[in-house]
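[1] pasting the structure only:
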């Protein structure tokens, strides 16, 4: 889709759209979060609400403010302005046992054994060491890492170490799991495993919020998403609503190149080679079909393509942000 | 979902999790093993040197007096010396027959001493009735009396038995007692200071591992930073106590074996050290408490510095002012030992960093105990304040993400550009 079409088609440029009609209690509620570092506003008025049990994505390019936002939500840093509540508590540490966190910068004590690392992370969240070890063994076995339980972290491959850290995030069975760029550094197989794990958590009623600069992860997993760019959130709401901001596009291929039937096409129709592209009319495509048939256009193919999250991102955040996002995901 | 009754760990529980991990990790590390045995080498070398020095000194300073009398007189004199030795001990020289004199009628004692033959401090010639001592003025003055007594005993002109004197020790004067207690106070302060400075340095790099391995973010997300700080401090206090216990045990074993050498080298008879005013058991207990407080106070400063520094060089640079300040307050505490109640001494008691040293000195000099309860409580409050302040500073300066490409300035040094949202510069 041409950027111009998207920008023209977008009905909204900025705003918060809650997950409408959602009656679930909120796991996370943030209003007007602001954070500055050395005079630079890293986060400038972020609003996010995440209902319990949802899978929620924070989508944006590097430097947009994703990590800063997540760290404010977790209480690692305090916002300069705004409010944040986690399970209704103003101080996230007050519900520390209910939260699991995987930071973007992975890190464990290198000399620690894998099983001890998992148990330690559980202990940070209130689990006894013994219980942490027991559960850690179960998790390692489930993820085919039992053979590595007594290996030191520095002896593990990067992927294994990341998995161990992820298991440490989940060992205490939190109600809220926050993952900062969890897919970063994973191969395709492990990315798939992680996606399945996230879905399984949500099915158990766990709220999962993760940041990413790869759109298709958010599109596949999330029911809600906050698009963040330049420290602002031009959109926060359901993925479906974001996609619906951009009208579906019709792609038409005809045998005839010219003819009276072209007058039936919408004014903003764009032609590229043998194809015509135009937004789906509000009256639907049926009246147009009648005109095309009667006008002997010779329809070869007709498809209606719903806008993807990438298209919505471009329309909402702008082309520059979209390009940066693309570059980050490839880099 | 499974959760405990309380959704959060208490402050002490949180500190305990950190303390347990750190304590075990440090205790079983190779670095700690070498840290433990490090100070033993100079002590061992010093002890050996003292023993050798003592032995050499004893050999060089001769306590032998040669006897160049007739055979009968020589034999009688040596026998008399043997009889007197239990009563006179080291004040009676070791008498040794000069065999050369017996076979040489023209034996000249002066010439014999001048030619440095043998190792005699002096030579006795003449007869038992008129003994003659040949030697320097100092040696003659020193040995005349004992030689005369030995000669008299040989002639049976002195008593053959001596009455045994009964000992009745009396207390010294008040001023003398205070003076000696001041020495105890100063010695205790010195030990406390050395232990604190030596062991406190371990805290400097305590947060470096977490920062370098990026695990600090996991800790900060799970626990309040002041609980993390407190846990680390308690862990290092525990490690220090283990270190002191090891050194103390080895030191006691060494003392048992080489007490004489230590006394010779240090010129101090530790058995005669005056007791503190509160008594030794309470004094040792207070010493342990004040060591812990001094360590926690200095350690909280070092922990903050180490946490905020972005490189080893910065750690060393920033820790120097703190170390100098610690030296200064220690000197103040030492200087005011003899002026209990003076304004400077009260300042030393009140100022948190000098308070443990000043109070330990008070325990040596004055018997009252209630002041220690107040002082310990005040020091504990100071620890909490320092930990809180340090953790807030750490959170504000270190626990932040970079501004997407904006240059980030370390505490000292040139700006380094960071990309994305890196949390901090990894430790060098």
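    Yes, it's here. Because the structure is a prediction, the values reported are computed rather than measured.

[2] All the strands of the chain, residue numbers only.
    Let's take chain A. A:15-16, A:26-37, A:40-51, A:55-59, A:81-86, A:99-102, A:176-180, A:207-212, A:224-229, A:232-238, A:249-254, A:270-272, A:275-279, A:299-305 (DSSP state E).

[3] wrong one, I was asking about chain B
    Listed in chain order, the strands of chain B (DSSP E) span residues B:64-67, B:94-97, B:122-126, B:131-135, B:407-408, B:416-417.

[4] Could you tell me which strands sit next to the second one in the sheet, and their orientation?
    According to DSSP bridges, the neighbouring strands of strand B:94-97, each with its direction, are strand B:64-67 (parallel).

[5] any idea how far the strand it pairs with is from the chain center?
    With Cα atoms, centre = their mean, to the nearest Å as the basis, strand B:64-67 stands 42 Å off its chain's centre.

[6] what's next to it, contact-wise?
    Under the contact criterion Cβ atoms under 8 Å, 6 or more residues apart in numbering or on different chains, strand B:64-67 has outside partners B:74, B:77-78, B:93-98, B:101, B:109, B:112, B:118-124, B:133, B:143, B:147. To be clear about C-beta, it is placed using only N, CA and C from the backbone, and glycine gets the same treatment.

[7] Columns mean neighbour count and mean pLDDT on top of the strands of chain A, output as CSV?
    Formatted as CSV, those follow (neighbours: other Cβ atoms under 10 Å in any protein chain shown; pLDDT from 0 to 100):
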stretch, mean neighbour count, mean pLDDT
strand A:15-16, 14, 44
strand A:26-37, 20, 92
strand A:40-51, 21, 90
strand A:55-59, 28, 94
strand A:81-86, 18, 94
strand A:99-102, 25, 95
strand A:176-180, 25, 96
strand A:207-212, 26, 94
strand A:224-229, 26, 90
strand A:232-238, 23, 86
strand A:249-254, 19, 89
strand A:270-272, 12, 86
strand A:275-279, 18, 87
strand A:299-305, 13, 89
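
[8] Show me where the stretch 1-150 of chain B dips below the pLDDT cut-off.
    Scanning the stretch 1-150 of chain B for pLDDT under 70 picks out the ranges B:1-5, B:43-44, B:46-63, B:116-118.

[9] which residues in it form helices?
    Counting by DSSP state H, counting those that start in this stretch, residue ranges of the helices within the stretch 1-150 of chain B are B:11-27, B:30-37, B:40-60, B:71-88, B:99-103, B:109-114, B:137-154.

[10] Same list, these, but as JSON lines with distance to residue A:63 and mean neighbour count please.
    Output for the helices of the stretch 1-150 of chain B, formatted as JSON lines (distance: least, Cβ to Cβ, whole Å; neighbours: other Cβ atoms under 10 Å in any protein chain shown):
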{"stretch": "helix B:11-27", "distance to residue A:63": "32", "mean neighbour count": "19"}
{"stretch": "helix B:30-37", "distance to residue A:63": "38", "mean neighbour count": "12"}
{"stretch": "helix B:40-60", "distance to residue A:63": "53", "mean neighbour count": "12"}
{"stretch": "helix B:71-88", "distance to residue A:63": "92", "mean neighbour count": "17"}
{"stretch": "helix B:99-103", "distance to residue A:63": "99", "mean neighbour count": "13"}
{"stretch": "helix B:109-114", "distance to residue A:63": "94", "mean neighbour count": "15"}
{"stretch": "helix B:137-154", "distance to residue A:63": "88", "mean neighbour count": "18"}
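
[11] Relative to chain A, how far out is residue B:389?
    16 Å (Cβ to the nearest Cβ, to the nearest Å).

[12] Next, count neighbours for that residue.
    Other residues near residue B:389 come to 15 when the count uses other Cβ atoms under 10 Å in any protein chain shown.

[13] Just the pLDDT at it, thanks.
    You'll see residue B:389 listed with a pLDDT of 91.

[14] so who does it touch?
    Under the criterion of Cβ under 8 Å, 6+ apart, the neighbours of residue B:389 are residue B:304.

[15] how close does it get to residue B:205?
    Residue B:389 sits 20 Å away from residue B:205, taking Cβ to Cβ, to the nearest Å as the criterion.

[16] residues in contact with residue A:83?
    For residue A:83, the contacting residues are A:29, A:30, A:31, A:32, A:33, A:90, taking Cβ under 8 Å, 6+ apart as the criterion.

[17] residues in contact with the second one?
    By Cβ under 8 Å, 6+ apart, the contact list for residue A:30 reads A:46, A:47, A:48, A:49, A:69, A:72, A:73, A:82, A:83, A:84, A:85.

[18] coming back round to it: can you list the helices of the stretch 1-150 of chain B in TSV and add distance to chain A?
    Listed next are the helices of the stretch 1-150 of chain B as TSV, based on distance: least, Cβ to the nearest Cβ, whole Å:
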stretch	distance to chain A
helix B:11-27	5
helix B:30-37	10
helix B:40-60	26
helix B:71-88	64
helix B:99-103	72
helix B:109-114	71
helix B:137-154	66
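
[19] Switch the ones you listed over to JSON lines; also include distance to residue B:318.
    Compiled in JSON lines, those are given as follows (distance: least, Cβ to Cβ, whole Å):
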{"stretch": "helix B:11-27", "distance to residue B:318": "21"}
{"stretch": "helix B:30-37", "distance to residue B:318": "21"}
{"stretch": "helix B:40-60", "distance to residue B:318": "28"}
{"stretch": "helix B:71-88", "distance to residue B:318": "64"}
{"stretch": "helix B:99-103", "distance to residue B:318": "73"}
{"stretch": "helix B:109-114", "distance to residue B:318": "66"}
{"stretch": "helix B:137-154", "distance to residue B:318": "59"}
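
[20] who wins for proximity to residue A:278 among these?
    Residue A:278 sits nearest to helix B:11-27 of all the helices of the stretch 1-150 of chain B, at 60.9 Å, using Cβ to Cβ.

[21] Packing partners of the closest one?
    Packing contacts for helix B:11-27, counted by 3 or more Cβ pairs under 8 Å, 6 or more residues apart in numbering or on different chains; DSSP states H and E, involve helix A:114-124, helix B:225-266.

[22] The last one - contacts with which helices or strands?
    The criterion is 3+ Cβ pairs under 8 Å, 6+ apart, and the helices and strands that helix B:225-266 contacts are helix B:11-27, helix B:30-37, helix B:40-60, helix B:174-200, helix B:280-308, helix B:370-397.
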